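A.B. asks: Predicted coordinates and the sequence they were generated for:
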Amino acid sequence: MKNKFSRIAVLVLAVVCTLGLSGCGKAEPKITVVSITPSPEKNLENISLTGGWYGYWSASDATGDWKSVEGKYWDCCAEVLVEDDGCSLLLWDEDMPRDDSLAKLRLKEKEGRYTCTGGEFLDIAVVPDEIAVRLFNREGALLLITGQFEDPVTGSFCYTFHLRPWGDLWPETERRPDYYESWYLPKIQSGASIPDKIDAK
């Protein structure tokens, strides 16, 4: 009886193995590998730095008389003007209109990169090596400027500008200027050009 059961068990095992091997040979793969190629982003060479810009700037690491500006944000505008030896970037904000500008920086372009060669920030000469000017493609053109204002009498602070071309919509996934919806959107929807004053208050 024992030998009989052993022969039956061996027979059943052989059938199962045969069916298993047959199934493995005919079955379709259960895992599909999909290759996804990301959509190419707009080349930065197609983004022009000239013209009007809008965004905001903020202050950090403030010292001395400037401690009150720590962590604050201001809407601002900018315009890039082409000159013989490069270009100049004029910046003004909600407190300082164009004719009493916040800053004027001289920029030079080389192989798609921009460097600051001089200028003034709040009437204090800037140190070019301490200013970074970077142009990104983040759901559209984004101009990022970082630097440090330093006055031996009143103190210092670090600043960061986030700017997009005047007329562009800002992504919902990032911080927007304070007056983006109440002031900026109505301006661009009416077809207005970049103003000399941010009269949003």
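C.D. replies: Alright, I've got the coordinates.

A.B. asks: Please spell out which residues along the helix or strand that contains residue 53 are buried.
C.D. replies: Assigned by DSSP states H and E, residue 53 belongs to strand 51-60. Using 16 or more other C-beta atoms under 10 Å as the test for burial, strand 51-60 gives 53, 54, 55, 56, 57, 58, 59. C-beta coordinates here come from the backbone N, C-alpha and C atoms, glycine included.

A.B. asks: what comes into contact with that strand?
C.D. replies: 66, 69-80, 91, 93, 102, 143, 157-167, 175-178, 184, 193-194 (C-beta atoms under 8 Å, 6 or more residues apart in numbering).

A.B. asks: And for stretch 140-153?
C.D. replies: Stretch 140-153 is contacted by residues 47, 49, 53, 55, 64, 66, 78, 89, 105, 116, 121-122, 124, 126-127, 130-136, 156-165, 168-169, 171 when judged by C-beta under 8 Å, 6+ apart.

A.B. asks: now do stretch 163-172
C.D. replies: Under the criterion C-beta under 8 Å, 6+ apart, residues 51-55, 76-78, 138-145, 176-177, 180, 188, 193-194 lie in contact with stretch 163-172.

A.B. asks: rewinding a little: give me the buried subset of the contacts of stretch 140-153.
C.D. replies: The neighbour count (16+ other C-beta under 10 Å) marks 47, 49, 53, 55, 66, 78, 89, 105, 116, 121, 126, 131, 133, 135, 156-157, 159, 161-165, 168 as buried among those.

A.B. asks: quick one: low-confidence parts of the chain?
C.D. replies: 1-47, 112 (pLDDT under 70).

A.B. asks: Strands along that one, start to end?
C.D. replies: Secondary structure of the chain (DSSP state E): strands at 51-60, 73-83, 86-93, 103-110, 113-121, 124-125, 132-137, 141-151, 155-165.
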